[in-house]
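Q: Got a sequence here, can you model it:
(2 chains)
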Amino acid sequence: MGKRVLVIEDEPNIIEALSFILSRDGWTVHTHSDGVNANERIRATPPDLVILDVMLPGKSGFDILRDLRADPEMQALPVLMLTARGQTRDRELAEKLGVNRFITKPFSNAEVIENVRALVTG
Amino acid sequence: MRQADLARAAGISASYLNLIEHNRRRIGGRILNDLARALGLDPAQLSEGAETALIEDLRAAAATRPAAEAEVGKAEEFAGRFPGWAGLVADQAAQIARLEARVKSLADRMAHDPQLATSLHEVISAVTSIRSTSSILVGSEDLDRDWQERFHRNIYNDSQRLADSSRALVGYLEAPADSGALALSPVEEVDAYFDRRGHHIADLEGPAESDADVEELIVATALTNPAAEMLLRGRLSTYRSDARAMPQDAFEAAAIETRHDPALLAARFGVGPAAILRRLSSLPERPAHPAFGFASCDGAGAVTRLKAIEGFSLPRAAAACPVWPLFQALSRPGQPIRAIVALPGEGGRRYLCHAIAGPLGPLRFDGLAPVEAVMLVQAAPAGETAMLEAGGGCRICPRPACPARREPSLLA
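A: Modelled structure (predicted):
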């Protein structure tokens, strides 16, 4: 079984496309589509990597990341953030909160694969 | 507008208008108001006190550009010797202020508008999905038929969504067709509606069974800004409620009998003081009634309604003078204030103001209870001593010792 990636994203067609390209790259893909229970979902079965959207219903990706990093066991979990907001201040906030990588929508599939491979090797 | 059209609109002869235009006749009262309305101007701009208003405008213009080192002390002389040039300077300063306010509101809208953020998010999400999905279709020759059909369907759905959301976005960003480059804020647009009608809406004075009359007026106005339409609906509904509670004939008679005393009128009609002040401000223009100005503001001091009268107005974009009873009332909700307010300068204008603040909307004990202050303004009766000294704004106010001063005056 491949490495486990949890995609936290609320757009069904983006989830479907990401699931397809990640599966084809050998990842075992799990998905979660709202912000409210995302932290519980991560803690219940920690993946090897989280792909996290910023604008989610209920709770933003920034808040999820902040809560995640507040948990000592989750501080090293690689997180790749996806956002439609490419402003510098969003990038700075994500980095301050402890994101590992950050890509803006609309991204290319190659960009996603390149980043997830860089975050989880071996 | 042609001179003949203007004369007709103001109900005077073209030759009389010609005399006025060449400063050979002074104007006032009904003709002044009719001319101002026909020209879409503030009556103060056409009145005998036009020069005073012009001087104030020049001082305000100088305050915005201190580096220019304009001879502020000679504003009066400038306005007197070169009224045309002085008017041009004042008009351009006012236009710059309007443009700056517009730019600020647009920048604010771009940065914080939730509707814009949602629309952009929709567009970006659809584009992301289409880009990713189409890359899969193009780059995967071995993709089985089920996946192909699924991704084609997703692209079709996302392209539909993109078309809808981008259309909505363009519609949202497009300025209303008739707004021009100097689109008014929604509040200003609604105030302009009332200004054009002298703040008296005859269509809403009769008995009415439903809201249809309000809706008909809104349709006839053809406002293109939905926010202004929403505000106008609220204002017209309030107007009609006031008109029902205080029918015009009875109210006019009582107003004359009580010498327009808000407290006596409130007792007679059994309504709250804010409604009385509103109703007085919407009396039709008649010699029997004084000219009433009116202003309201919300809890943050933002002017939400303004009826200017000669010499009295409040800035909308900049902070106003906090001495006005309108703002004093905010700190004393429920307590009526009656005050004579003097403007700066020798023989400065004096106004009798009635103001009160209270909760806005239905009574509620839980959550936010918004507050609104209202103020009725009229020329002060002779002989009453001024209790408050207000101004047009700190930078152009020559009262160095004012305890409410926010920043130094250019005139100090």
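
Q: Find the centremost residue of chain A, please.
A: For chain A, the residue nearest the mean C-alpha position is A:Ile51 (1.5 Å; Cα atoms, centre = their mean).

Q: Touching, that residue and A:Leu18? I think so.
A: Yes: with contact defined as Cβ atoms under 8 Å, A:Ile51 counts as touching A:Leu18 (6.9 Å). (Each C-beta comes from the backbone N, C-alpha and C, glycine too.)

Q: rewinding a little: quick one: residues contacting the residue nearest to the centre of chain A.
A: By Cβ atoms under 8 Å, 6 or more residues apart in numbering or on different chains, the residues touching A:Ile51 are A:5-9, A:18, A:79-80, A:82, A:112, A:116.

Q: Now do the helices in chain A.
A: All helices of chain A, identified by DSSP state H, fall at A:12-24, A:38-44, A:61-70, A:88-97, A:109-119.

Q: how's chain B carved up into domains?
A: With domains defined by automatic domain parsing, chain B comprises B:3-98, B:113-173, B:290-412.

Q: returning to that earlier point: can you give me the distance of the residue nearest to the centre of chain A to B:Ser241?
A: 56 Å (Cβ to Cβ, to the nearest Å).

Q: Now do B:Leu6, the pLDDT please.
A: The confidence metric pLDDT takes the value 81 at B:Leu6.

Q: Same check on B:Leu223?
A: On pLDDT, B:Leu223 comes in at 70.

Q: so where is chain A shaky, pLDDT-wise?
A: Scanning chain A for pLDDT under 70 picks out A:1, A:85-87, A:122.

Q: interface residues of it facing chain B?
A: Within chain A, the positions near chain B by Cβ under 8 Å from any Cβ of the partner chain are A:11, A:13-14, A:16-18, A:20-21, A:24, A:55, A:84, A:105-109, A:112.

Q: just to confirm, which helix or strand has the residue nearest to the spatial centre of chain B in it?
A: Centroid-nearest residue in chain B: B:Glu188, 3.4 Å away (criterion: Cα atoms, centre = their mean). In the assignment (DSSP states H and E), B:Glu188 maps to helix B:186-196.

Q: before we move on, the earlier item: which of the residues of chain A next to chain B are buried?
A: Buried by 16 or more other Cβ atoms under 10 Å in any protein chain shown: A:11, A:13-14, A:16-18, A:20-21, A:55, A:84, A:105-107, A:109, A:112, out of the residues of chain A next to chain B.

Q: Now for the residue nearest to A:Val79 when sequence neighbours are not counted: which residues touch it?
A: Counting by Cβ to Cβ, 6 or more residues apart in numbering or on different chains, A:Val50 is the residue found nearest to A:Val79 once chain neighbours are left out, at 4.8 Å. By Cβ under 8 Å, 6+ apart, the contact set of A:Val50 is A:5-6, A:8, A:42, A:68, A:77-80.

Q: now do 7 Å
A: A:6, A:8, A:42, A:77, A:79 (Cβ atoms under 7 Å, 6 or more residues apart in numbering or on different chains).

Q: Looking at those residues, which one is closest to B:Ala228?
A: Distance ranking of these against B:Ala228, using Cβ to Cβ, places A:Ile8 first at 40.8 Å.

Q: That closest one - how many residues pack around it?
A: Residues lying near A:Ile8 (other Cβ atoms under 10 Å in any protein chain shown) number 25.

Q: right, and it touches A:Val54 too?
A: No: between A:Ile8 and A:Val54 there is no contact under Cβ atoms under 7 Å: 10.1 Å.

Q: show me where chain B has strands.
A: B:293-298, B:303-307, B:337-342, B:350-359, B:371-379, B:388-389 (DSSP state E).

Q: okay if I get those as CSV plus distance to chain A and mean pLDDT?
A: Output for these, formatted as CSV (distance: least, Cβ to the nearest Cβ, whole Å; pLDDT from 0 to 100):
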stretch, distance to chain A, mean pLDDT
strand B:293-298, 30, 95
strand B:303-307, 32, 92
strand B:337-342, 45, 94
strand B:350-359, 33, 94
strand B:371-379, 32, 95
strand B:388-389, 45, 90
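
Q: I'd like these as TSV, with mean neighbour count appended.
A: Shown next, in TSV, are those (neighbours: other Cβ atoms under 10 Å in any protein chain shown):
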stretch	mean neighbour count
strand B:293-298	22
strand B:303-307	20
strand B:337-342	19
strand B:350-359	22
strand B:371-379	24
strand B:388-389	18
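
Q: how about JSON lines for those, with distance to B:Leu6 added?
A: Shown next, in JSON lines, are the strands of chain B (distance: least, Cβ to Cβ, whole Å):
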{"stretch": "strand B:293-298", "distance to B:Leu6": "25"}
{"stretch": "strand B:303-307", "distance to B:Leu6": "23"}
{"stretch": "strand B:337-342", "distance to B:Leu6": "34"}
{"stretch": "strand B:350-359", "distance to B:Leu6": "30"}
{"stretch": "strand B:371-379", "distance to B:Leu6": "27"}
{"stretch": "strand B:388-389", "distance to B:Leu6": "39"}
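
Q: re the thing from before, which one of the contacts of A:Ile51 is nearest B:Pro381?
A: Nearest to B:Pro381 among the contacts of A:Ile51: A:Leu82, at 69.2 Å, using Cβ to Cβ.

Q: leaving aside the residues next to it on the chain, what's closest to that closest one?
A: Looking at A:Leu82 with Cβ to Cβ, 6+ apart, the closest residue is A:Asp53, at 5.0 Å.
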